[in-house]
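J.: Sequence and computational prediction follow.
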Amino acid sequence: QVQLVESGGGLVQPGGSLTLSCVASGDILRVVRWDWYRQAPGKQRELVALLASAGSTNYADSVVGRFTISSDDAKKMAVLQLNALKPEDTAVYFCNADVRLNNGGILSSWGQGTQVTVSS
């Protein structure tokens, strides 16, 4: 069993910043990959950023230069730093992680989501 818990969402004015965190817990050997997705009302869930175990990152074009994904392997935690926020960034942000379990298996798990609202 793996659980992901996100935190850090909230209401922020355009141009502001937020820091989202996602902590994994359970029978985990290590996290292989971290992803952040978002889903705005009436829209499909979209990939915002990913971080592979080798350290490579990838970002949606709409957030390049504004968002940064990072991780702390010891804490089994990922962070998404959101800067220069725009109203169109308003969405529920979800953390997803591919984890290697202690029994050798691989499991993909989702967090419950955290609301980010960008409005003046």
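T.: Yes, it's here.

J.: Any idea which residue is closest to the centre of the chain?
T.: By CA atoms, centre = their mean, the chain has its centre lying nearest to residue 36, at 3.1 Å.

J.: would that residue count as being in a strand?
T.: Yes. Assignment of residue 36 by DSSP: H, G, I helix; E, B strand; the rest coil places it within a strand.

J.: Now do the nearest residue to residue 17 once chain neighbours are set aside against residue 4, distance only.
T.: Of all residues not flanking residue 17 in the chain, residue 83 sits nearest, at 4.8 Å (CB to CB, 6 or more residues apart in numbering). C-betas here are computed from N, CA, C, even on glycine. According to CB to CB, to the nearest Å, residue 83 stands 23 Å off from residue 4.

J.: same thing with residue 11?
T.: For residue 11, the distance to residue 4 - CB to CB - is 23 Å.

J.: and these two? which has more neighbours close in?
T.: residue 4 (23 against 12; other CB atoms under 10 Å).

J.: got the contact list for the more buried one?
T.: For residue 4, the contacting residues are 22, 23, 24, 95, 96, 97, 109, 110, 111, 112, by CB atoms under 8 Å, 6 or more residues apart in numbering.

J.: Just the ones in strands from these, please.
T.: 22, 23, 24, 95, 96, 97, 109, 110 (DSSP state E).
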